Structure formats: structure tokens, C-alpha cells
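> no FASTA, just this:
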RNA sequence: UCCGCGGUAGCUCAAUGGCAGAGCAUGCGGCUGUUAACCGCAGGGUUGUAGGUUCGAGCCCUACCCGCGGAGCCA
């Protein structure tokens, strides 16, 4: 039943007769010759049906097959410069498997809303296939990067009893007799526990935010990878972050060049993503904004527009460190040399793609951490286990979180984050 | 929650307050090398909903519904 030959293996079958199975991407015809573009998920190949070469029945099948109908086609493979992909199949047999009736996504342009309504079909289109292949490669690059460097995968729970950072609005549920529970917004606190057990760990999974964000940079469900390392300080954290980003981008450039071309991505901009990345302090960033005429007060958090302005100053991702501790999470360690700032770092992607990494050195002192929890008005009883990590052999440690969809979006040069995940979840949409 | 924009054929969009249209898709016909093929013909409409102004409303006014993008928040 399963196909014996896939389109991306055609170069090994030149001169042979093969049977391919897939769907009709598009059809063009000219009287007694028909061109059927078959796609099978691995590629596209043009199948030529000449009236003289096949029976009337088979020619009729080629005649009535519609866009996105599934079919199998048999014929000899030869090299052909005129055809997309460089190979062509001279059909001797065409069998329709499932005839499609009025496939809604036509070769002409569609609005994003309509396409999202038909996301289950939209994933078949060339552009979406390219994006999804790049996403899968980014995921593998992430795993390879950490696995090769001695990190251990450490899976945090998705259902949590409290808001990890106490800030974001979370999805809430009734958890049996135990009261309210929430979908996780980050695996980080749990990763810290893992780092104390295994040294270097990373978590990788979906996270959830119930914020009513309606922008092209937000999803309510998105994937995040969060490494956490014992005995790392902020500088070590930044070293790792830039090596990590360089690795992901260079891997995709090497292994997914064809897909980037399909997306018409300007790869010269990605080629520049090599270490070292510029590192500036928050205070330096404020100076840049002021020089650019932005009315900005030291102490405020950087907004999306501010990040874009700073990002445009550099041709590679920029690391902004030492933010005012007031705007950052309770677990971030304060700079011993300046308690007004936290040992935090955000990595801003170029070309206006914004924050792709947020990280910090964690507060490892029990008393300071207790103060932070009180200042942030957090329920201490939920954090006792987290405080135990400071009670029993505390060490300096650091980590960061990288947003998968924002990274894919930047590498692919997408207009909107929702193309970077198979089934995006947004504030007013949970279908299909 | 606030601000801005939008809703017309299956899809993308036109239409000065005066006969509701085009391209794509679909159906039929033509074409032996097409590259979002092309050429001809045909079917396809409660103009988001409700009300109002007007001789006449897709267009102007009011309310509502839905969507989009931005702010805030964040990856």
C-alpha cells in the first residue's frame, strides 16, 4: 500500500518506471497533452499525459481530475529542464483515488482570515509546507544543540497550582477537589529544580498565556525552550544564548536553503547572524532611544516599538541586559553592583521581529528571594518547594526562554506569527 | 479594556446617492510543452444585522454583531 518512491528520491530513479502517490497541486492542459503537478509532501513533479500514449479511459481521468484530488500515477522518470524540480514523469497510467470537489484555496490570492479558517487545508500549500519544514528543522536544531552540549531534557508539568511568575493572566480550570489550577506559562521554576539535580537541563513544550493580546506577535498557545544551568552567571547565560541562536540560524541556512528560497527570504540578513552579538545595557538602550528622539524615561519597560528601533541599530540580534528590577520577575537576581537593576537579558531579533529570548541569572539567596516574593505580593506557600532549592545547597544559576514561533517567524521572514505553528490559537480563534 | 480600519458572488476585490461588476474557482467547448497557462461560453448575490434619511441607499445617519491590526502584557 505505502508508496515505494517519493518525489525527493526521483534522482535515483531516472529511466525507471515508477508509481507515485499524492495530490494534484495544479493542472494545465493543451488539447491532447496534460500537465499534472503532483505533490506528495516531499516535493512536486510534473506528470505529462499525452493522448496518444495512454488509453482513452486514462486520458479521461487526467481530464476530470481536479485540484487537490488524490491519485496515483505511473510512468518513466526523465530529467527535464523545463519542469519544476528538474524531473518529469511520462505517464502511462493515472488512477484517481479521491476526487476533490471545489477545493476552496485557489491558485489566486486569499485573505489571511479565509486561509486561517481553512488552516487544515492551507497547510498543503507550497509556502506553508516550506514554513512547517523549517519549523521542524528549528526544533531538531534546538534539541541537537542542547543534547550535544550535555544538557538533559527535563519535562515540567503543564498543569500548575499557581502562576509561575505571578504576572500574566493564565488559563484557569477546576482541578478536582484541589480548587483552581492553571495551564503553565513557563517551565522555568521547575527547570531550576532540574538544574540542581542534573546540572544543565532544558525544557521544551507548549506554554499558555490568557492575555488578550491581539497582535501579530502573540499566540495564546506557543512553544518555548528553556535551558537552565547551575553555576552559570549572566555572562555565561549570554554566551550560551548567542551560541544557540547562531547555531539555529546557521543550521536552517545550511539544511533548508530550498525552503527559504520558496519563501523569498533575504538570506544575506541571516548569514550575518554570527557571534559575537552586540551586548548593551538597558541604560545604553535608553540612550539610543533618546538619541533617536523617543521620549523615554529610565525605569519603564521597553515596548515593541522601542525594541524595533534598537534592533534596527544592529545587523544581528542585540542583547539588552540589566533591566530595572521593577519591571522584571521576582526570581531575577539583582546586580550586586547596582541593586536598581536585575541581572536579566532580552535578545531582540533584527528586522523588527522583537524579543525572542528573555533570560536572567536567578536569585540564589533565600532571604532576598523571600523579600521579592513579599514585594510582588505572591502567595509564599505555593513557592515553598522553590525556596527549598535555596535552602538545600543553593548555587548561582541562570537560564533563558526562547519563543519557538517568534524565532521561526523571524527566520522565515513572516508577516504573522500564526503561520509559524500548524494550528494557531488566538484570542478569538480556537478552530480548526 | 482602549484606539484605528474593515464586512459586496465559493475566494480576492471594484462600483460619483441612479441597471451589482471583474479576475480566480466551478461547468461546457477549443488548443500536442504548459509554468498562478491561454481563448470562448455559462451558472453563481437577502451588499454583516436591525432601523432611519431620500423619489431612489452597497454608498449617507444611528445602534448592534463579527473580524483585522495596534496599545497594554509578554516569548
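Alright, I've got the coordinates. Model, not experiment: these values are computed from the prediction.
> what helix or strand is residue A:348 on?
Using DSSP states H and E, residue A:348 sits within strand A:344-349.
> Just after that strand, pick out the following helix or strand.
Criterion used, DSSP H and E; the element after strand A:344-349 is strand A:354-361.
> close to RNA strand B, is that following strand?
Yes - contact of strand A:354-361 with RNA strand B (Cβ under 7 Å from any atom of the strand) involves A:354-358. In this view, the C-beta of every residue, glycine as well, is placed from N, C-alpha and C.
> now do stretch A:61-71
Yes - using Cβ under 7 Å from any atom of the strand, stretch A:61-71 reaches RNA strand B at A:64, A:66-67.
> In these, which residue is surrounded by the most others?
Greatest neighbour count in the residues of stretch A:61-71 next to RNA strand B, by other Cβ atoms under 10 Å, goes to residue A:67: 17 neighbours.
> Look at that one and give its secondary structure.
coil (DSSP: H, G, I helix; E, B strand; the rest coil).
> right, and it touches residue A:26 too?
Yes - between residue A:67 and residue A:26 there is a contact at 6.6 Å, judged by Cβ atoms under 8 Å.
> ok, the residue lying farthest from the centre of chain A to RNA strand B distance?
In chain A, residue A:52 marks the outermost C-alpha relative to the chain mean, sitting 49.1 Å out by Cα atoms, centre = their mean. Distance, residue A:52 to RNA strand B, by Cβ to the nearest atom of the strand, to the nearest Å: 5 Å.
> thinking again about what came up before, so what sits against both of residue A:67 and residue A:26?
residue A:107 (Cβ atoms under 8 Å, 6 or more residues apart in numbering).
> Describe which strands the strand holding residue A:348 pairs with in its sheet and in which direction.
strand A:318-321 (antiparallel), strand A:354-361 (antiparallel) (DSSP bridges).
> Just the residues contacting stretch A:201-211, thanks.
A:139, A:142-143, A:146, A:151-156, A:158, A:168-172, A:183-188, A:190-191, A:194-195, A:218, A:220-229.
> Could you pull up the contacting residues of the residue in the stretch 1-150 of chain A positioned nearest to RNA strand B?
Nearest residue of the stretch 1-150 of chain A to RNA strand B, counting by Cβ to the nearest atom of the strand: residue A:31, 2.2 Å away. By Cβ under 8 Å, 6+ apart, the contact set of residue A:31 is residue A:51.
> Quick one, grab the pLDDT at it.
Note on residue A:31: pLDDT of 79.
> and what of residue A:41?
Confidence score, pLDDT, at residue A:41: 91.
> Show the contacting residues for it.
With Cβ under 8 Å, 6+ apart, residue A:41 has these contacts: A:6, A:22, A:129.
> In PyMOL, how would I select just the buried ones from these?
Selection of the buried residues among these in PyMOL, burial being defined by 16 or more other Cβ atoms under 10 Å:
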select buried, chain A and resi 22+129
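> Surely residue A:316 touches residue A:278?
Yes - if you go by Cβ under 8 Å, residue A:316 and residue A:278 touch, sitting 7.2 Å apart.
> more neighbours, these two?
Higher neighbour count among residue A:316 and residue A:278: residue A:316, with 20 against 16, using other Cβ under 10 Å.
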